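Enquirer: quick one: sequence and predicted model below, then my questions.
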Amino acid sequence: MDEIEQIIQRMRARAKTNTQDTTGQDSTSSNSEYKCPICKDREWVDFVDEDGHECMKHCVCHAQREHERSIAFSGISEKFKTKTFSNFQEGANKELKANCMEYVKTKAYEKHESLIIMGQVGSGKTHLAMAIVNNLLAKGVRCRYLEYRSFMALVKQSLTDRDTYQRELDIAKRTEVLYIDDFLKGKVTDADLNIMFEIINTRYLADLPVIITTELTPDAIVKFDEGIGSRIMEMASNYILISQGKNKRLEVFGNA
């Protein structure tokens, strides 16, 4: 019996065990203990195919469980889960909202395209970026949210714990879509730039998209670090967006 068949046999054995209580009696009456009474939260069900072979397939609950795991993995707070395109007060940002919706509708992230929204505090950039992420999560895309300063503090605190340090960096570098909020905000050290270059460069080489919100202009980002800035602008070349508040605008970007 090959390895795959052995795995299937073990899964079936566990399934059979889960249908009986400790006295050997069928526990169907206690299905209320499970989120899914069909598979008893195993997310797999047995079936017989047309040729009479016993097989296993995902239960109907699997997609919902995957979505729940993606939400938990994303790092998004309850407050941000409510951010949608429909409840965004667009004001002067009607075109910006349309561009963000286009990014989702055209599946630009699948074409390895990144997106950056620049604007002052209170201009709605985080709401729109989070609306994008919430839409992607609903489509089954694995996303990760990072608040720049909190992430930097966490990573630097983990320097003495190599496993934690590497795990946090690997998640940022490898997740399907990464959202960095308040990019390069506050005091930025050389160590911060080295960490961020490692993340951005890995995603750049692997064609993995990043969504960024920032109060900085492209010129300002490049001044912090040319390697980081040039890669971000290339990755987001079709979606370098400006968010405008009621009384605030970004200055002209120069040659960026």
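Expert: Happy to help now that I have it.
Enquirer: C-alpha only now, for contacts and for neighbours.
Expert: Will do.
Enquirer: got the contact list for the closest residue to Phe183 other than its chain neighbours?
Expert: Spatial nearest neighbour of Phe183, chain neighbours left out: Thr214 (5.0 Å); criterion: CA to CA, 6 or more residues apart in numbering. Applying CA atoms under 8 Å, 6 or more residues apart in numbering to Thr214 gives the contacts Ile116, Ile117, Met118, Gly119, Gln120, Asp181, Asp182, Phe183, Leu184, Lys185.
Enquirer: what of Leu169?
Expert: With CA under 8 Å, 6+ apart, Leu169 has these contacts: Val155, Ile199.
Enquirer: that one sits in which helix or strand?
Expert: Using DSSP states H and E, Leu169 sits within helix 162-174.
Enquirer: now do that helix, average pLDDT.
Expert: Averaged over helix 162-174, pLDDT sits at 90.
Enquirer: quick check: Met201 vs Ser243, distance?
Expert: Let me fix one detail, which is that residue 201 is Asn and not Met. Relative to Ser243, Asn201 is positioned 26 Å away (CA to CA, to the nearest Å).
Enquirer: same check, this time on Thr106
Expert: Distance from Thr106 to Ser243, by CA to CA: 21 Å.
Enquirer: quick one: which of those two has more around it?
Expert: Ser243 (28 against 10; other CA atoms under 10 Å).
Enquirer: quick one on the thing from earlier: just the C-alphas of the helix holding Leu169, formatted as CSV.
Expert: Extracted in CSV, the C-alpha atoms of helix 162-174 (Å, rounded to 0.1, in the frame of the first residue of the first chain):
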residue,chain,number,x,y,z
ARG,A,162,15.5,33.6,16.0
ASP,A,163,12.5,31.3,15.3
THR,A,164,9.9,34.1,16.0
TYR,A,165,12.0,36.6,14.1
GLN,A,166,12.3,34.4,11.0
ARG,A,167,8.6,33.3,11.2
GLU,A,168,7.4,37.0,11.1
LEU,A,169,9.7,37.8,8.2
ASP,A,170,8.7,34.7,6.3
ILE,A,171,5.0,35.5,6.6
ALA,A,172,5.6,39.0,5.3
LYS,A,173,7.7,37.8,2.5
ARG,A,174,5.6,34.9,1.3
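Enquirer: tell me which residues in it are buried?
Expert: Buried positions in helix 162-174, judged by neighbour count with 16 or more other CA atoms under 10 Å: Tyr165, Leu169, Ala172, Lys173.
Enquirer: and if you look at stretch 127-140?
Expert: Using 16+ other CA under 10 Å as the test for burial, stretch 127-140 gives His127, Leu128, Ala129, Met130, Ala131, Ile132, Val133, Asn134, Asn135, Leu136, Leu137.
Enquirer: in strands, which of these fall?
Expert: Among these, no member falls in strands (criterion: DSSP state E).
Enquirer: and which of those is nearest Arg144?
Expert: Using CA to CA, Val133 comes nearest to Arg144 of those, at 8.6 Å.
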